[in-house]
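> generate a structure from the sequence data that follows.
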Amino acid sequence: MREITLLLTAVSATGALGCVGSPIDVEPPDEDLPQVVVAIDPVARAELRPTWAERCEPRQTEPFGSPETEAERVFDAVLDRHLDELDEQVLRFARGDVSVYRGTARAHDDGGALPFWARDGELPSGDVMAVAFPMRSLSFEDEPFRWTSGSGHLLRIVGDEPARLVDVYQLDDDLSATWVSPVLRHGGAYESAPTPPAKCLSCAPRLVDMPDRFSVDPLVATRSYHVHPDGTLRHEDLNVHEYVDFTIELTAQLERVPPAALTFDDLVRAHPSWDNTETTGDVLREFLPRGDEMVRVSMSWLVEDVAIPDEAPIADEDREIYRCSRSTEYEIETFVAQQCLLDAGVRDLQILERRTCCGPLCTACELPEWCDG
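You can find the predicted model right below:
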């Protein structure tokens, strides 16, 4: 504990503080005043100052409203689209709408027993990140030939080295059941889990509650499959009694990260990457540091219906069956402040190319298409 020395000045009761006389009535002290040492806990002192996260406020990217250039007009037309993408990738986590977790985990499955999977999975014990997503639709084969579906939540537990993940699912209308995928690989080609995954009952915290802690020690989920003579794999065939059992064991101790403490690196680590896809993990890895921001420069298109240009070589009698569209290729920046993830937006749209094309509405019409340039 550090000590802070404060000099306290005494004022006579007959001075200004005593409501009698005036400040000039106060006699100066005859001797130096004593120094009073006041001990202040540095943690308590830090709490007296507002942190950066507490001062962090969301940025509002506004449209031009009355655009003066074509680039400003295109910016206004595509702004909502890019802000929706930014919300999906960053802002919903920074607001706390989606839970992000740090902690440790370990998982092992005996997927090598499944002919079509043909390998055991291992998520070694170590540090992980996790995200709990609300899902509009989940569907699982709960019993042979009977599917259970509905809205729910997905907890994705992601390890760095090696690049492995485990998906944990719960349906909102059956919160006692938890479904668990085999250990999946990421960092390469996209890999999806077999359906149905393994299942356990009353074995995990409810994801719908957005718990501050997700702890399972251990969770054991199982599933039985039957291998037919033709080599295909089916789940719990009631007519045949030759089963292959699949088991996954998951141990996890996860703590929810307060939104104000969330970093951009946390988001990157919490989202797996698959090559050549537009998943959130791949998009987040396209952001590069620039000063105190993370910036992504991306290209996209705006396609708009337009009137048939006067210069289009389309006969007057055919103009009613032609439709024209203008495609604008542009480049735009998305930025996120590293010390305040809510301070984010889009800016600096530049038009790269524009092209107008016209074609007949009827597919059977033997009429030519036309593009300018």
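> what about the nearest residue to Ala77 once chain neighbours are set aside, neighbour count?
Closest residue in space to Ala77, ignoring its immediate chain neighbours: Leu302 at 5.8 Å, by CB to CB, 6 or more residues apart in numbering. (Each C-beta comes from the backbone N, C-alpha and C, glycine too.) Using other CB atoms under 10 Å, Leu302 has 18 other residues around it.
> Leu302 against Thr328, yeah?
Yes. With contact defined as CB atoms under 8 Å, Leu302 reaches Thr328; the gap is 4.5 Å.
> what touches both of these two?
Val74 (CB atoms under 8 Å, 6 or more residues apart in numbering).
> hang on, the earlier thing: and the residue nearest to Ala77, what does it touch?
So Leu302 contacts 74, 77-78, 327-328, 330 (CB under 8 Å, 6+ apart).
> and Glu286, which helix or strand is it part of?
According to DSSP states H and E, Glu286 maps onto no helix or strand at all.
> Asp76 in helix, strand or coil?
Under the three-state scheme (DSSP: H, G, I helix; E, B strand; the rest coil), Asp76 adopts helix.
> give me the neighbour count for the residue nearest to it when sequence neighbours are not counted.
Distances taken as CB to CB, 6+ apart put Pro63 closest to Asp76, at 4.2 Å, once the chain neighbours are dropped. Neighbours of Pro63 under the rule other CB under 10 Å: 13.
> tell me the contacts of Pro63?
By CB under 8 Å, 6+ apart, the neighbours of Pro63 are 75-76, 79.
> can you pick the most crowded of those?
Most surrounded of the contacts of Pro63: other CB under 10 Å gives Phe75, at 24 neighbours.
> show me what contacts that one?
Taking CB under 8 Å, 6+ apart, one finds 63-64, 67, 332, 349 in contact with Phe75.
> need the max-distance pair from the residues you listed.
Taking CB to CB as the measure, these span a maximum distance of 14.8 Å, between Pro67 and Ile332.
> okay, these two: which has more neighbours?
Comparing Pro67 with Ile332 by other CB under 10 Å, the one with more neighbours is Ile332, at 20 against 14.
> for the more buried one, what are phi and psi?
phi -140, psi 150 (degrees, to the nearest 10).
> now do the same contact list for it.
75, 78, 82, 297-300, 346-350.
> now tabulate those residues in a markdown table and tack on secondary structure, pLDDT and distance to Gly121.
Shown next, in a markdown table, are the contacts of Ile332 (DSSP: H, G, I helix; E, B strand; the rest coil; pLDDT from 0 to 100; distance: CB to CB, whole Å):
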| residue | secondary structure | pLDDT | distance to Gly121 |
| --- | --- | --- | --- |
| Phe75 | helix | 98 | 46 |
| Val78 | helix | 98 | 42 |
| His82 | helix | 97 | 37 |
| Val297 | strand | 97 | 37 |
| Ser298 | strand | 96 | 34 |
| Met299 | strand | 97 | 37 |
| Ser300 | strand | 97 | 37 |
| Val346 | strand | 97 | 39 |
| Arg347 | strand | 97 | 43 |
| Asp348 | strand | 97 | 44 |
| Leu349 | strand | 98 | 44 |
| Gln350 | strand | 98 | 46 |
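> quick one: buried ones out of those residues?
With burial judged by 16 or more other CB atoms under 10 Å, the buried subset of these is 75, 78, 82, 346, 349.
> pretty sure the third one is touching Glu333, no?
Spelled out, that is His82. No. The pair His82 / Glu333 is not scored as a contact, 9.8 Å apart, by CB under 8 Å.
> give the residues shared as contacts by those two.
Val346.
> neighbours around Glu317, how many?
7.
> can you check my assumption that it lies in a helix?
Yes. According to three-state DSSP, Glu317 belongs to a helix.
> confidence score at it?
Note on Glu317: pLDDT of 87.
> again with the one 5 residues further on
According to the per-residue confidence, Tyr322 scores 91 in pLDDT.
> and the one 10 residues further on, by the same measure?
Reading off the confidence values, Ile332 has pLDDT 98.
> now it: how far from Val216?
Using CB to CB, to the nearest Å, one gets 42 Å for the distance from Ile332 to Val216.
> Thr328 too?
Distance, Thr328 to Val216, using CB to CB: 50 Å.
> which strands or helices does the helix or strand harbouring Arg92 pack on?
For Arg92, the host element (DSSP H and E) is helix 92-95. Under the contact definition 3 or more CB pairs under 8 Å, 6 or more residues apart in numbering; DSSP states H and E, helix 92-95 sits against strand 340-360.
> partners of the strand it packs on in the sheet?
Applying DSSP bridges, strand 340-360 is found paired with strand 322-337 (antiparallel), strand 370-371 (antiparallel).
> could I get those as TSV with distance to Cys362?
Below are those laid out as TSV (distance: least, CB to CB, whole Å):
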stretch	distance to Cys362
strand 322-337	10
strand 370-371	16
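> that'll do, ta.
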